[in-house]
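Chemist: predicted coordinates and the sequence they were generated for:
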Amino acid sequence: MSQEFEWVFGLHAVQTLLKREANRIKLLLVQQGRRDQRMEVLLGLAAEQGIKVKQAPRQELDTLVEGVHQGVLAQVELQKPRNENWLENYLDQLQQPPFLLVLDGVTDPHNLGACLRTADAAGVQAVIAPKDKSAPLTATAVKVACGAAQSVAYVQVTNLARTLRNLQERGIWLVGTAGEAEQSLHQAKLTGPLALVMGAEGSGMRRLTRECCDHLVSIPMAGEVSSLNVSVATGVCLFEAVRQRLINS
């Protein structure tokens, strides 16, 4: 396959792609013999968009991607990476207070996909990560995101500390998470222009990232475990911010 293309797989991810970015799809591969209701809905969307569909044995689909493809693969144009310039332009045009998620050192595509899915549910406008030591938006991440990779912008920047300082200059408060922070998540103000900064599980945020934060907060832990998976911690923090924003709206 040409390097100008990639595979998106899984029923939900492909269906969302058909609804939001059908123009990127060059070909749909579907498993021979699969004609259940969910597949019929997906094929109906493809027909509406005039997208070419080809049937292939499951064994062929298995060789093209790693992961559970659920009998459907979409060959799509590579999306142009979103970078610092894209983020600046996006924030300039934003008509509401920024609500952003920053991931520092999250390298597992499954965790990235789960964080994107949670970010979408919480109403986050963009997820920001450094280009180095972070997971790219692979087919696995897109599959785990269940459509959120098409609805929430994933921005990879060259210098995360510089990007964070630029966000501060725009009046966006940076709230980082750290297990040793004295202030509890529930005591922090998470309303208004906000970027929630999450570090990698175990190592946490890098030093420069931590130094850029306006405040550090910790998640109250009542049990024996000392930390949560980063995608779980992200969900806890984002929805505490959602709760506060709803109260103050």
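Modeler: Yes, it's here.
Chemist: for the rest of this, base every contact and every neighbour count on C-alpha atoms.
Modeler: OK.
Chemist: look up how far residue 37 lies from residue 130.
Modeler: 40 Å (CA to CA, to the nearest Å).
Chemist: in the chain, which spans are helices?
Modeler: Counting by DSSP state H, the segments of the chain that form helices are 11-20, 37-49, 58-64, 84-93, 109-122, 139-145, 148-151, 160-169, 207-212, 230-247.
Chemist: what residues are up against the nearest residue to residue 160 once chain neighbours are set aside?
Modeler: Spatial nearest neighbour of residue 160, excluding adjacent residues (CA to CA, 6 or more residues apart in numbering): residue 130 at 5.4 Å. Residue 130 makes contacts with 103, 104, 105, 156, 157, 158, 159, 160, as judged by CA atoms under 8 Å, 6 or more residues apart in numbering.
Chemist: among those residues, which are in strands?
Modeler: Per DSSP state E, strands hold the following members of the contacts of residue 130: 103, 104, 156, 157.
Chemist: so the first one makes contact with residue 204?
Modeler: No - taking CA atoms under 8 Å as the contact criterion, residue 103 and residue 204 are not neighbours in contact, 10.0 Å apart.
Chemist: returning to that earlier point: let me have the contacts of residue 130 in CSV, extended by pLDDT and distance to residue 134.
Modeler: Below are the contacts of residue 130 laid out as CSV (pLDDT from 0 to 100; distance: CA to CA, whole Å):
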residue, pLDDT, distance to residue 134
103, 97, 8
104, 96, 7
105, 91, 5
156, 96, 9
157, 97, 10
158, 96, 11
159, 97, 12
160, 97, 11
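Chemist: returning to what we had before: most tightly surrounded among the helices of the chain?
Modeler: helix 139-145 (a mean of 24; mean count of other CA atoms under 10 Å).
Chemist: run through who's touching that helix.
Modeler: In contact with helix 139-145 (CA under 8 Å, 6+ apart) are residues 6-10, 12-13, 66-67, 109-117, 148-149.
Chemist: on that earlier part again, can you put the contacts of residue 130 in CSV and add distance to residue 74?
Modeler: Formatted as CSV, the contacts of residue 130 follow (distance: CA to CA, whole Å):
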residue, distance to residue 74
103, 28
104, 30
105, 29
156, 24
157, 27
158, 30
159, 33
160, 32
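Chemist: just the buried ones from those residues, in PyMOL syntax?
Modeler: Remark: buried members of those, expressed as a PyMOL selection using 16 or more other CA atoms under 10 Å:
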select buried, resi 103+104+105+156+157+160
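Chemist: mind listing what the residue nearest in space to the middle of the chain touches?
Modeler: When CA atoms, centre = their mean is applied to the chain, the residue found nearest the centroid is residue 116 (2.4 Å). Shown in contact with residue 116 (CA under 8 Å, 6+ apart): 127, 145, 148, 149, 152.
Chemist: so can I have a markdown table of these showing pLDDT and distance to residue 59?
Modeler: Below are those laid out as a markdown table (pLDDT from 0 to 100; distance: CA to CA, whole Å):
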| residue | pLDDT | distance to residue 59 |
| --- | --- | --- |
| 127 | 98 | 35 |
| 145 | 87 | 25 |
| 148 | 83 | 28 |
| 149 | 84 | 27 |
| 152 | 92 | 32 |
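Chemist: max pairwise distance over the residues you listed: which two?
Modeler: Pairwise distances among the contacts of residue 116 were taken by CA to CA; the largest, 12.6 Å, belongs to 127 and 145.
Chemist: count the neighbours of residue 193 for me.
Modeler: 17 (other CA atoms under 10 Å).
Chemist: okay but it is in contact with residue 171, surely?
Modeler: Yes - look at residue 193 against residue 171 with CA under 8 Å: they come within range, at 6.9 Å.
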